[in-house]
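In: Sharing a sequence plus its predicted fold:
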Amino acid sequence: MGLPITLSEIAPRISAGAFILNSGLGKRGADAETAAGMHGFAAGTYPFLKSVPPQQFVQGLANAEIALGALLLTPFVPTAVAGAALTAFSGGLLGLYVKTPGMRKPGSLAPTEQGLSIAKDSWLLGIGIGLFTRGLMDRKPRVTVKKANKLAKKQAKQAARDARRAAR
């Protein structure tokens, strides 16, 4: 049995996975000032985060990034699953870009200098959607035991016929 990914999926999974894993590992030791800044930025766009202490927020974000990076880098994880997880994560990042004042030029999706560091995460969304779509398209229908037995019998009968013809 082969892996649930194809050769064409390896490069985007490695590039996105390594990038996100590295980001998560870098956040593990965030000091209080860094945690407060990251938390304030995220809570300004997503108000439900205001009730989460900054250090806890950064640790949760670090753990989520580490888990997502590892998921993308693990070849046994089906492509549709990896793509769905990356799409959800990058959608949250782009939500910060779209909803935070000053990230975009007025009346445009084009980034300002401040928004450039988040706007670049749009490539993660593109990879996520591509992997998710590819994973859904490449899914093979499930074969029940009954169908598998029927197919095996049919193949055995055909092989017996072919063997008889070859013996003549």
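Out: Looks like it arrived, so ask away.
In: alpha carbons only for contacts and neighbour counts from here, please
Out: Fine.
In: residue boundaries of the strands in this structure?
Out: Under the criterion DSSP state E, the chain contains no strands.
In: Just name the shakiest helix or strand of the protein by mean pLDDT.
Out: Lowest on mean pLDDT, DSSP states H and E among the helices and strands of the chain sits helix 145-167, with a mean of 78.
In: Spatially nearest residue to the most centrally placed residue in the chain (excluding sequence neighbours)?
Out: Closest to where the C-alpha atoms of the chain average out (C-alpha atoms, centre = their mean) is residue 86, at 2.3 Å. For residue 86, ignoring the flanking residues on the chain, the nearest one in space by C-alpha to C-alpha, 6 or more residues apart in numbering is residue 128 at 4.9 Å.
In: Count the neighbours of that neighbour for me.
Out: Applying other C-alpha atoms under 10 Å, we find 29 other residues in the vicinity of residue 128.
In: try residue 47
Out: 10.
In: sorry, back to before: how near is the residue nearest to residue 86 to residue 77?
Out: Separation of residue 128 from residue 77 (C-alpha to C-alpha, to the nearest Å) stands at 14 Å.
In: which residues in the chain form helices?
Out: Assigned by DSSP state H, the chain shows helices spanning 7-27, 32-45, 54-73, 79-99, 116-119, 122-137, 145-167.
In: tell me the mean pLDDT over the first one?
Out: Looking back up the chat, that one is helix 7-27. Average pLDDT, helix 7-27: 95.
In: Name the residues of that helix that come out as buried.
Out: Buried residues in helix 7-27, counted by 16 or more other C-alpha atoms under 10 Å: 9, 12-14, 16-18, 20-21, 23-24, 27.
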